[in-house]
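**Q** pasting a predicted model and its sequence here:
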Amino acid sequence: MLTAPGRATALLLNVAHAFDHMFLLIFATAVVSIAADFGVARWEDLMPYGVGAFLLFGLGALPAGRLGDLWGRRRMMLIFFHGLGVSALLAAATQNAWQLAGALTLLGAFAAIYHPVGIPMLVRGAVRPGFTIGVNGLAGNLGVAMAALTTGLLIKYVGWRAAFVCPALISIACGILFARVAPEELEPPARGRGPASEHPAGTIARIFIIMTMAAVSASLLFNFTTNGNGELLRERLAGVVDDPAALGLLLAAVYVVAAFAQVAVGFLIDRFPMKYLFLGIVAAQAPLFYLAATATGWELYALLMAFMIVVFGAIPFTDAIIVRYIDDRMRSRVSGMRFFVSFSVSSAAVWALGPMVKSGGFESLLLVMSVIALITLATVMLLPSSAHQGGSDAASALEPPRSRRAAD
């Protein structure tokens, strides 16, 4: 029998989301120090060595989701905690760029486990799935903030290797704790008993395709921003704020404020049709990127804060759609397929970031991001409208349960 997670398990699942994003961004935050240590002249030349982590982060989601449903989510999360820690320790021990690339690729493979496994495990039996996903998204993006803050501090006072070692030890400790508090699964989710999805297969397939298309462009924006914001601030705040620890604190503040947007979005998802909420958020992205392209100083900082709020605010929608309309027995596999596509494609952002900035500067990068945001907007417009306007099954699939009951 499968039950909803207890409070201690849910807390650790949210912590795991923070770790997932934090570990993936340690390299991008520390890249200047690592490049200097390895004798690489420009940090942009080292960035492509991190692409393996994000490629495996996408490719690994498919087998991770399958194993989560067919083998067990608890077991996969134990592998996640310990694997993340061990691979980060290996990254700290590397002596050249290719060794680091191998360790980061291994880290990405373990990081791939969380989204298709941890989120379905967390939302099983949730009364307010949108809010639960919003809080989980807050945790994940606090991990992004932690990468900016703790990595900057550790680099300043200890060195870049400590930025990998300290989180690695904490992750392994959390894995030991998770083994103690997470209840054993008597059977894997795929063998569980429960009602099947009430929505036709054609409706689900249509929404899944559109959702995945939107997720690809949204993931590109997420990777470009979270991997490039540190160097963007360093360049555009030069002469205003130059201390690495202070820059890390400023960037962490951006991520903390932006992360709370996910809680608000999750609250609204439980109450209103998703399409119009989603459209409102992604419509704000393109003009903010465009304005930031030429901004400097504190004006740039304010715009960065604004565009990260709408980038993070768009994240909960795809998970909420899966949770609402895919029954628990196959959620990990469906999530794995979605992340497989979106994260695999968006890993190109990590590879392209350094060369793009080197050749055209951050102005060109931000203009490209503005175009990507417009593509996201066009894709979201393909989602079906609400049932009271269109009346179709596909339309009603995007309404919250309360609205659909009222329409009936």
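**A** Alright, I've got the coordinates.
**Q** check contacts around residue 174.
**A** 12, 15, 16, 19, 81 (Cβ atoms under 8 Å, 6 or more residues apart in numbering). All C-beta atoms are positioned from the backbone trio N, CA, C, and that covers glycine.
**Q** gap between the last one and residue 171?
**A** It stands for residue 81. 5 Å (Cβ to Cβ, to the nearest Å).
**Q** out of everything not next to it in sequence, what's closest to residue 341?
**A** In this structure, residue 341 finds its nearest non-sequential neighbour in residue 212, 5.2 Å apart by Cβ to Cβ, 6 or more residues apart in numbering.
**Q** could I get the buried residue list for whichever strand or helix holds that neighbour?
**A** Secondary structure from DSSP states H and E places residue 212 in helix 201-236. Buried residues in helix 201-236, counted by 16 or more other Cβ atoms under 10 Å: 203-204, 206-208, 210-234, 236.
**Q** which residues of the stretch 101-250 of the chain fall in helices?
**A** 114-123, 129-157, 160-181, 201-236, 244-269 (DSSP state H, counting those that start in this stretch).
**Q** just send those back as CSV, with distance to residue 292 and mean pLDDT too.
**A** Converted to CSV, the helices of the stretch 101-250 of the chain look like this (distance: least, Cβ to Cβ, whole Å; pLDDT from 0 to 100):
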stretch, distance to residue 292, mean pLDDT
helix 114-123, 28, 90
helix 129-157, 18, 85
helix 160-181, 27, 95
helix 201-236, 8, 81
helix 244-269, 12, 85
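**Q** among those helices, which comes closest to residue 370?
**A** Closest approach to residue 370 among those (Cβ to Cβ): helix 201-236, 9.8 Å.
**Q** chain center to that closest one: distance?
**A** 9 Å (Cα atoms, centre = their mean, to the nearest Å).
**Q** so what secondary structure elements neighbour it?
**A** Under the contact criterion of 3 or more Cβ pairs under 8 Å, 6 or more residues apart in numbering; DSSP states H and E, helix 201-236 touches helix 7-38, helix 129-157, helix 244-269, helix 274-283, helix 297-313, helix 316-325, helix 331-380, helix 393-396.
**Q** which pLDDT value belongs to residue 37?
**A** Looking at residue 37, its pLDDT is 92.
**Q** what is the burial count for it?
**A** Residues within reach of residue 37, counting by other Cβ atoms under 10 Å, total 14.
**Q** that one touches residue 155, doesn't it?
**A** No - taking contacts as Cβ atoms under 8 Å, residue 37 lies outside contact range of residue 155: 10.5 Å.
**Q** now do the contacts for residue 51.
**A** 347, 348, 350, 351 are the contacts of residue 51 under Cβ under 8 Å, 6+ apart.
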